[in-house]
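Q: Fold the following, please.
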Amino acid sequence: MSIPLVVLDVHEDGTVTVTIDGKPLTPEPFAPPWRRSSFGQIIDRATNDRTTAVRVEVREADGTSFTDIIAPRRRRATQSKPETEKPAPLPVFLTVEGDGFVPGEDVAVAIITGHTEAVGTGAARALIDPTQLTADTSGGVVEVLLVGRISGTVVAQRVAP
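A: I've put the predicted structure just below:
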């Protein structure tokens, strides 16, 4: 059994054409065209909500490309909760910002929790769920990086969860 190949062709205008094993994957009827910011939706559809692995190839308009494998999420065993247990509090998000990115470029967020896209001014912003961070031994502060995939810009910030 082979892993399906998902190809994302990024066009100059920021739209994306998607195929799975050569067959087109289109947005829902009446939805706008796929864009770079649609990556999460595209991967969710291509992997049946992250239940199957896929190989992803992204071909940029400038001719560069990168390939990765998206593994399925591990299934968690469900445990019954006592009825007296309170629901978990909603997470508080931290903001990390930086300048110097190419407008529209893919910006990696490390501790790799996701990706964000630079706005038209070249600025980028990431929202971080502190429950995904592990505090180091220097007083509960962690370092977060924003890495521009095209510009090579790296912004490092220390934040306290």
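Q: Next secondary structure element downstream of the helix or strand of the chain with the lowest mean pLDDT?
A: The weakest-scoring helix or strand in the chain, judged by mean pLDDT, DSSP states H and E, is strand 114-117 (a mean of 72). As assigned by DSSP states H and E, the chain's next helix or strand after strand 114-117 is strand 124-128.
Q: mind listing the strands in the chain by residue range?
A: Ranges of strands in the chain, per DSSP state E, are 5-10, 16-20, 23-25, 54-59, 65-70, 94-98, 106-110, 114-117, 124-128, 142-148, 154-159.
Q: Show me the shaky parts of the protein.
A: Applying pLDDT under 70 to the chain picks out residues 1, 75-84, 90-92, 112-115, 128-141, 161.
Q: Put together JSON lines for the strands of the chain, with mean neighbour count and distance to Ser37 on each row.
A: No exception for glycine: its C-beta is placed from N, CA and C like everyone else's. Rendered in JSON lines, the data for the strands of the chain read as follows (neighbours: other C-beta atoms under 10 Å; distance: least, C-beta to C-beta, whole Å):
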{"stretch": "strand 5-10", "mean neighbour count": "19", "distance to Ser37": "11"}
{"stretch": "strand 16-20", "mean neighbour count": "17", "distance to Ser37": "9"}
{"stretch": "strand 23-25", "mean neighbour count": "11", "distance to Ser37": "16"}
{"stretch": "strand 54-59", "mean neighbour count": "18", "distance to Ser37": "13"}
{"stretch": "strand 65-70", "mean neighbour count": "12", "distance to Ser37": "17"}
{"stretch": "strand 94-98", "mean neighbour count": "16", "distance to Ser37": "17"}
{"stretch": "strand 106-110", "mean neighbour count": "19", "distance to Ser37": "10"}
{"stretch": "strand 114-117", "mean neighbour count": "16", "distance to Ser37": "5"}
{"stretch": "strand 124-128", "mean neighbour count": "20", "distance to Ser37": "12"}
{"stretch": "strand 142-148", "mean neighbour count": "19", "distance to Ser37": "15"}
{"stretch": "strand 154-159", "mean neighbour count": "14", "distance to Ser37": "19"}
